[in-house]
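1. Sequence and computational prediction follow.
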Amino acid sequence: MTNLPTRAQQQQRQQRQHRLVIQVVAVAAAASLGLFVLYIRSTSTHSTAAAPEAGVVGAGQAAPQIRLPATSGATFDLGAEKGKTVLLYFQEGVGCEPCWKQIHDIEADWASFKAAGIDELVSIAGNKLDQLKQKVDDEQLTTPVVADPDLTLGATYKANQFGMMGTSAYGHTFIVVGPDGTITWRADYGGQPNYTMYVKPADVLRDLKTGTGRPG
């Protein structure tokens, strides 16, 4: 004959199950809160760039060569852009939605960037060209995005030292290259402690004008 659990045993079992459910809910809530905080930090509009580090190319230095395929269908050659003021935007790539919103919002306010003397915006990400082409199409963007899946520019621009992914992806870096090929401004917004992946275009413009001495 099967021994049926006593009422006390049933109550103990129910209490254990109840405690287990509470623990699972608590863990899930903590995980959700952590992700929420991470998201808020990553999309922060706080515009303070990371402090410049030794060995990082910056204002007054010649911009290292860039010659890589772009989503425009051509090879982007920074050396061929002499005579133009180019805003380079290093970003984390396909999986970073705030990074793509950054491009979208700059395009929407492009007249302000033109008024500040910027002739062209070019983004650089560590994804394969076909992935970037698909993303650009999906987002309906006109900005050319340069494919650097091997992060070859990490050795020269050091823009992969300021993101949440360590050195395995670019962070959130803006660099202005003047008509003579000299860097006139750099801001690494993706640095510690906030690892920002989105900055309001107005804040980028303010910092750019301050850094380059352009009139506000």
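-> Perfect, thanks for sending it.
2. What separation is there between Lys84 and Pro98?
-> Separation of Lys84 from Pro98 (C-beta to C-beta, to the nearest Å) stands at 27 Å. Backbone N, C-alpha and C define where each C-beta goes, glycine included.
3. So between these two, which is more surrounded?
-> Pro98 (17 against 13; other C-beta atoms under 10 Å).
4. was I right about the more buried one contacting Lys200?
-> No - counting by C-beta atoms under 8 Å, Pro98 stays clear of Lys200, with 11.5 Å between them.
5. Helices of this structure, start to end?
-> 7-42, 97-108, 110-115, 129-139, 154-157, 201-212 (DSSP state H).
6. averaging pLDDT over each of those helices, which comes out lowest?
-> In terms of average pLDDT, helix 7-42 trails the rest of these, at a mean of 51.
7. List the contacts of the closest residue to Gly117 other than its chain neighbours.
-> Distance criterion C-beta to C-beta, 6 or more residues apart in numbering; nearest residue to Gly117, sequence neighbours excluded, is Thr85 at 5.4 Å. Contact analysis of Thr85 by C-beta atoms under 8 Å, 6 or more residues apart in numbering lists Gly117, Ile118, Asp119, Glu120, Val176, Val177, Gly178, Pro179, Thr184.
8. could these go into CSV alongside pLDDT and neighbour count?
-> Compiled in CSV, those are given as follows (pLDDT from 0 to 100; neighbours: other C-beta atoms under 10 Å):
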residue, pLDDT, neighbour count
Gly117, 97, 17
Ile118, 98, 19
Asp119, 98, 13
Glu120, 98, 16
Val176, 98, 23
Val177, 98, 25
Gly178, 98, 18
Pro179, 98, 14
Thr184, 97, 21
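9. and which of the residues you listed is nearest to Thr167?
-> Val177 (22.8 Å; C-beta to C-beta).
10. Verify the contact between the closest one and Arg186 for me.
-> No - using C-beta under 8 Å as the test, Val177 is too far from Arg186 to be in contact (9.8 Å).
11. and the closest residue to Pro201 other than its chain neighbours, how many neighbours?
-> Among residues not flanking Pro201 along the chain, Asp109 sits closest, at 4.6 Å (C-beta to C-beta, 6+ apart). Neighbourhood size, Asp109 [other C-beta under 10 Å]: 14.
12. So for Asp109, what's the pLDDT?
-> pLDDT for Asp109: 98.
13. From Leu129, how far off is it?
-> Distance, Asp109 to Leu129, using C-beta to C-beta: 27 Å.
14. and what of Leu153?
-> On the measure of C-beta to C-beta, Leu153 and Leu129 end up 15 Å apart.
15. you'd agree Asp105 is up against Ala202?
-> No - with contact defined as C-beta under 8 Å, Asp105 does not reach Ala202; the gap is 9.6 Å.
16. residues contacting Asp105?
-> Contacts of Asp105 by C-beta under 8 Å, 6+ apart are Lys200, Pro201.
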